[in-house]
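# Sequence and predicted structure below; questions after.
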Amino acid sequence: MTVPASLNYKEIDVLLTELALPGCRIQEIAQPRPEYLVFELFGRKQRFNLLMVCKPGYCRMHRFSGELGKGGKPQRFVSFLRAHVRNGYIQDAHQIDGERIVNIEVVSGSETVLLWLRLWSAAPNLIVTDKQGTILDAMFRRPARGEISGGHFSLQTALAKKKSSPQKEYRVRDFPGQGDLNARVETYFSAIERNENLEKLKAALRNRLTQMENRLLLKLENIKTRSIYTADYEHYKEAGDLIMGALHSLHKGEKNLHIADYYHGNTPIDIPLKTELSPTENAEEYYRKYKKAKQEYLRLQTDQADTEQELEHIRARLSDVLTGDDPQKLRELMKKTKGTSRAKKNINSPGLRFISNGFTIIVGRSSKENELLLRKKMRGNDYWLHCRDYPGSYVFIKSIRGKSIPLETLLDAGNLALAYSKARSSDKINVYYTQVKYLKKIKGGKPGLVIPTQEKNLFISKDSARLKRLRDSLKLDIEN
């Protein structure tokens, strides 16, 4: 972006004439940014704010229609000015001929101080001296230039240090907008700084979201790598079956079983055995490994789906940042992306988690946990189940992009809804379900209280074997 030229001396002359500063009382002083200073002034006919900016490329002074910005702890220079010039009167205000240095004389009680506002882009500053030129303080203390408290300010010395440049003919620019030059200069610079701040905000957001995207891509790569090692979980079950089929020829203490693998064309294989275990115990060990590896693989599949969904969400936000031009919405997005570091995340996820055909089923154990799951963990396409006419837990099925939830998973979730409700002693129950996006929160209702819309019914018969399988998967999940 092109940096605007600071005000030239002819523009400063016009601005000072319009402001008519002599006779104004300094009511209040604020410093909204390090390079910005605002005086609240009472003139003969009006009350207005005066903005002075000592920022390279933006050096200026003009009437200011924005807020004074009094909040927060005052900075050093503001505290000094409030002690020395607040409630004082501006005796005189003029520009040094052709030099972009404005001298403002302020009388406060018996004290007279001089404010030297230097609007040079290369070395802007506001220096406060007494009538003898002793520096009382400065907006920016610069020891190399002698601009420190107790130093001496000499206009002739300051001008002598100014780097000579070819003479240039200046004119008052035709700033766009309406009103006098003060109003048009404010509009011009405000628009430029607003666009610059917007670009800075977008750049910061892009950087943060890109970092989050890269972390998710790395996580996804790790998940896929781990999935490769757990995908062949069936071979543990096959090994257990082959051991069970050869029990008649095996004895405790043998190191391996040499056998024809009828799962793979009767190819001869060697199955390692633990000598301290009996043949049956060795088979059970392989079955246990099978269950654990399968559980791990299914969990990784769920993690992969969740990560891909989160990655898609981050990329959608990145797209919003690239096309967005509303600073308020971008600031809100910035707030939402804060506090997402791994160190700040709660390691213990709410709810009981079960695995069913690669889908994750989550059961809330209390109204607070139901509320937390609804607000923080569930997305619109996830499914919600609950026993009709009975109090109980909310049951959720995490959706997987591109996959429909199979009937067996719905029956698993329905049985969990029955088991974790007041209807648990019933053999049959009506469970209704819908997607989370069709849940309507009751205004003023208890935590987690919702009304489903577009719901469907699922008639559930209690299935003890199904519940045992699901609870075994919960036990394995805890062990892993």
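Right, received. Where do you want to start? Worth saying up front: this structure is predicted, and the values here are computed from it rather than measured. Numbering: from 1, shown residues only.
# Now do the contacts for residue 413.
By CB atoms under 8 Å, 6 or more residues apart in numbering, the contact set of residue 413 is 356, 361, 383, 385, 395, 397, 433. All C-beta atoms are positioned from the backbone trio N, CA, C, and that covers glycine.
# helix, strand or coil for the residue nearest to residue 37 when sequence neighbours are not counted?
Excluding the flanking residues, the one nearest residue 37 by CB to CB, 6 or more residues apart in numbering is residue 52, at 4.7 Å. Assigned with DSSP: H, G, I helix; E, B strand; the rest coil, residue 52 falls in the strand class.
# what's the neighbour count on residue 52?
Residues near residue 52, counting by other CB atoms under 10 Å, number 22.
# now swap in residue 228 and tell me
Using other CB under 10 Å as the criterion, the residues surrounding residue 228 number 10.
# Kindly report the same for residue 319.
By the criterion of other CB under 10 Å, residue 319 has 11 neighbours.
# What distance do you get for it to residue 80?
Remark: distance between residue 319 and residue 80 (CB to CB, to the nearest Å) = 48 Å.
# same thing with residue 140?
Applying CB to CB, the value for residue 140 to residue 80 is 13 Å.
# neighbour count winner among those two?
Neighbour count, other CB under 10 Å: between residue 140 and residue 80, residue 80 has more, with 18 against 15.
# quick one: secondary structure of the closest residue to the more buried one other than its chain neighbours?
Once flanking residues are discounted, residue 80 sits nearest to residue 137: 4.6 Å by CB to CB, 6+ apart. Following three-state DSSP, the label given to residue 137 is strand.
# quick one: residue 137 and residue 126 touch, right?
No: using CB atoms under 8 Å, residue 137 makes no contact with residue 126, being 9.3 Å away.
# can you list residues touching both of the two?
Shared contacts of residue 137 and residue 126, defined by CB under 8 Å, 6+ apart, comprise residue 77.
# residues near the residue nearest to residue 420 when sequence neighbours are not counted, how many?
Counting by CB to CB, 6+ apart, residue 393 is the residue found nearest to residue 420 once chain neighbours are left out, at 3.9 Å. Neighbourhood size, residue 393 [other CB under 10 Å]: 24.
# Give the next helix or strand downstream of the helix or strand hosting residue 293.
Element membership of residue 293 [criterion: DSSP states H and E] is helix 279-323. Using DSSP H and E, the helix or strand that follows helix 279-323 towards the C-terminus is helix 327-336.
# got the angle between that next one and helix 279-323?
With axes from the mean of the first three to the mean of the last three CA atoms, to 10 degrees defining the directions, helix 327-336 sits at 160 degrees from helix 279-323.
# Give me the sheet partners of the next helix or strand along the chain from helix 327-336 and which way each runs.
Counting by DSSP H and E, the element after helix 327-336 in chain order, helix or strand, is strand 352-356. Strand 352-356 has the following strand partners under DSSP bridges: strand 359-363 (antiparallel).
# Moving C-terminal from the strand it pairs with, which element do we reach first?
Following strand 359-363 in sequence order, the next helix or strand is helix 367-372 (DSSP H and E).
# before we move on, the earlier item: quick one: which two of the contacts of residue 413 are the most distant?
With CB to CB as the measure, no two of these lie farther apart than 356 and 433, at 14.1 Å.
# quick one on the thing from earlier: how much space separates the residue nearest to residue 420 from residue 350?
Distance, residue 393 to residue 350, by CB to CB: 12 Å.
# ok, now which ones touch residue 152?
By CB under 8 Å, 6+ apart, the contact set of residue 152 is 133-135, 146.
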